[in-house]
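A.B. asks: dropping a prediction and its sequence here:
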Amino acid sequence: MVMSRTEKRKKTLELLHVIEEKYDRKGKGPSWIDSVPAEAYAELWKLWDVQHGSITPKVTKKFASREEEVLDWLKGGYTVAEIKQNTGINETCIRTIKLKNHIAVPPKFRSRMLPLDDQELIITLSKTAITKYFGVPFTGYGPTDAKNLAKTGYKYESLSPAEALHWADIKDGALYLTEKGLFRKHGLGSYEHMNKGVI
């Protein structure tokens, strides 16, 4: 199969991108490519699939340490402004990383359900989630709400803005309630869309 000049250029750029990821050009400056062993090119050309126009097998995605740091903050439920405040990284850069990796930032948890007996503490996302999961009318106001909730074995407590929990603040193994149900936390990547079953 004969490739056009455009196709060859595209292929070369793709190979260079793979080499950059594999040999890590961090801190090497413009001449970093000179330090890549010649065997690397030969190896990558062998991996080139002419028929499908791709490199096989797929090279594992490698993030720069700064990008990994931003991803950890995002997965931990921190907003762009909070990440900028904590790390000093430019907001545009943070938003770009967020969009590029399709990260849905978990919201802050602003309330909790305190058990009245031997049940576990539940960190809750909203009053709507409580009503939906426990099946009792609940607005968070008045003695009637407290009575309705007591039948489920829990007492509601609203957290102040300063006490609101980021996803990263919730310990692994803790129960948390969203409008999609009750779940148990298993690491930063286990927010509701990662959970297959309801507790």
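C.D. replies: Great, that's in hand. Numbering: from 1, shown residues only.
A.B. asks: domains in the protein, as residue ranges please.
C.D. replies: 5-55, 65-100, 111-194 (automatic domain parsing).
A.B. asks: what mean pLDDT does the first one get?
C.D. replies: Taken as a whole, domain 5-55 has an average pLDDT of 59.
A.B. asks: likewise for the shortest one?
C.D. replies: The average pLDDT within domain 65-100 is 89.
A.B. asks: buried residues in stretch 166-173?
C.D. replies: Of all the residues in stretch 166-173, those buried under the rule 16 or more other C-beta atoms under 10 Å are 166, 167, 170. From N, CA and C alone the C-beta is placed, and that goes for glycine too.
A.B. asks: need those residues in a markdown table (columns: secondary structure).
C.D. replies: Formatted as a markdown table, those follow (DSSP: H, G, I helix; E, B strand; the rest coil):
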| residue | secondary structure |
| --- | --- |
| 166 | coil |
| 167 | helix |
| 170 | coil |
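A.B. asks: closest one of these to residue 88?
C.D. replies: Of all these, residue 88 sits closest to residue 166, with 18.7 Å by C-beta to C-beta.
A.B. asks: measure the nearest residue to that closest one once chain neighbours are set aside to residue 139 for me?
C.D. replies: Excluding its sequence neighbours, the residue lying closest to residue 166 (C-beta to C-beta, 6 or more residues apart in numbering) is residue 77, at 4.0 Å. Going from residue 77 to residue 139 by C-beta to C-beta, to the nearest Å gives 25 Å.
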